[in-house]
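sequence and predicted structure below; questions after.
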Amino acid sequence: MGSHRIAAIPADGIGPEVIGAGLEVLRALERLDPGFHLDVTHFPWGSDYYRAHGVMMPEDGLDALRGFDAIYFGAVGDKNVPDHVTLWGLRLAICQGFDQFANVRPTRILPGLTSPLRDCAPGDLDWVIVRENSEGEYAGMGGRAHRGHPIEVGTEVAVFTRAGVERIIRFAFETARSRPREHLTVVTKSNAQRHGMVLWDEVAAAVARDFPDVAVDRELVDAMTVRMVNKPRSIDTVVATNLHADILSDLAAALAGSIGIAPTANLDPSRRYPSMFEPIHGSAFDIVGKGIANPVGAFWTAVMMLDHLGEHENARRLMAAIEHVTAAGIRTPDLGGTARTTDVTAAVVDALAAVPA
Ligand code: IPM
Ligand code: MG
């Protein structure tokens, strides 16, 4: 369909391994579709860059990224650099700097994979979690006082604005409407958090009036974990705060078979800024360099990126190839298999050629 400028930021841990694999399957797509081209620029930012330069990315990093159509991101986190430094210095700097307020996390059981839940067939767990990605518990508000003294205090203020809540809830309703079941669950904790979370409930009720076709229900976040385990079929689209959805999406990924397969999109739906696409598994220090990282999360992430770029046919083709490979039992150890990252990648490249255009 066209040519797209992609900024690749593999960053830390297994990030370079899975982004490398992802770019390989995207190259294979290019070979199959002469009208499709990705112009990829690599940015060597992350914890190694931090060790060399004292910052996770250069001060004008956002300016360098601004002109790209999408950002393909690996993982942040390093054994020897504090997590809050790596996260705020790179990933959150990009998410917040580019106002990528909608974090979209589809979860379903891919063909050939099994859920750790008894009696949960592939069609029984098919969810999209919409995570608020710009405020809430990740707003960065708070501070420390009495540093180093016994009375030291740290505050972490969750920030909820009407505009911020409304835009994510509206986005979630639109997402729900685009799916066959047209069902949205609004997750809060408004029994205990009686300010920001009650604001969420009120805004959700008001926005719901604009979407009479979408069925909506509410759940407290603790009860939601029980529902996800006991009644997965009762869930379709979910919207929750930054922290609540962070936690729920890890549970969702595990219930769908492995966190190694889960993708995410950090979207600026207004398209003023580039959106960022990343697998949700993180750095995974325990398997770095072993060649066994599951690249499926990065591949599915690439599918989301292709859809965002308007490459719907290529997105469909790549997803079909991924599903062909999971169904064929070619799996990395996190899914109980013995395949290596390169085996899964080669199998997806082969499968792509076989998927009808
Ligand atoms: C995620 C991750 C990140 C987050 C980590 C790496 C800080 O868990 O994308 O879900 O909490 O946002
Ligand atoms: Mg997380």
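Arrived safely, thanks for sending. Ligands and ions are numbered 1, 2, ... in the order given.

give me the contact list for the host helix or strand of Val226.
Per DSSP states H and E, Val226 falls inside helix 221-230. With contact meaning CB atoms under 8 Å, 6 or more residues apart in numbering, helix 221-230 is reached by 117, 185, 187-189, 219, 234-235, 238, 240, 244, 247-248, 251-252, 255. (Each C-beta comes from the backbone N, C-alpha and C, glycine too.)

change it to 6 Å
Val187, Lys189, His244, Leu251 (CB atoms under 6 Å, 6 or more residues apart in numbering).

neighbours of Arg144, how many?
10 (other CB atoms under 10 Å).

now swap in Val229 and tell me
When neighbours are counted by other CB under 10 Å, Val229 comes out with 13.

pLDDT score for it?
With respect to pLDDT, Val229 scores 97.

how near is it to Ala346?
Applying CB to CB, to the nearest Å, the value for Val229 to Ala346 is 36 Å.

and Leu255, by the same measure?
29 Å.

before we move on, back to that, in helices, which of the contacts of helix 221-230 appear?
His244, Leu251 (DSSP state H).

got the contacts of helix 221-230 as a markdown table, with distance to ligand 1 columns?
What follows is the contacts of helix 221-230, written out as a markdown table (distance: CB to the nearest ligand atom, whole Å):
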| residue | distance to ligand 1 |
| --- | --- |
| Val187 | 15 |
| Lys189 | 17 |
| His244 | 11 |
| Leu251 | 11 |
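
for ligand 1, what are the nearby residues on this structure?
Neighbours of ligand 1 within the chain, by CB under 6 Å from any ligand atom: Gly77, Leu87, Asp246, Ile280, Gly282.

chain neighbours aside, what residue packs nearest to the third one?
I take that to be Asp246. Arg131 (6.6 Å; CB to CB, 6 or more residues apart in numbering).

state the number of residues packed around that neighbour.
26.

which strands or helices does whatever helix or strand it lives in pack on?
Under the criterion of DSSP H and E, Arg131 resides in strand 126-132. Here strand 126-132 touches strand 102-108, helix 162-177, strand 237-240, helix 242-255, going by 3 or more CB pairs under 6 Å, 6 or more residues apart in numbering; DSSP states H and E.

wait, isn't Met276 in contact with Ala70?
No - in this structure, Met276 is not within contact of Ala70 by CB atoms under 6 Å, at 7.3 Å.

which one of these two is surrounded by more residues?
Met276 (27 against 23).

who are the contact partners of the more buried one?
Ile71, Phe73, Ile94, Gln100, Asn266.

wait, is the second one part of a helix?
No - assignment of Phe73 by DSSP: H, G, I helix; E, B strand; the rest coil gives strand, placing it outside any helix.

tell me the bridge partners for the closest residue to it other than its chain neighbours.
Using CB to CB, 6+ apart and skipping residues adjacent in sequence, the residue nearest Phe73 is Glu278, 3.9 Å away. Glu278 forms beta bridges with Thr264, as assigned by DSSP bridges.
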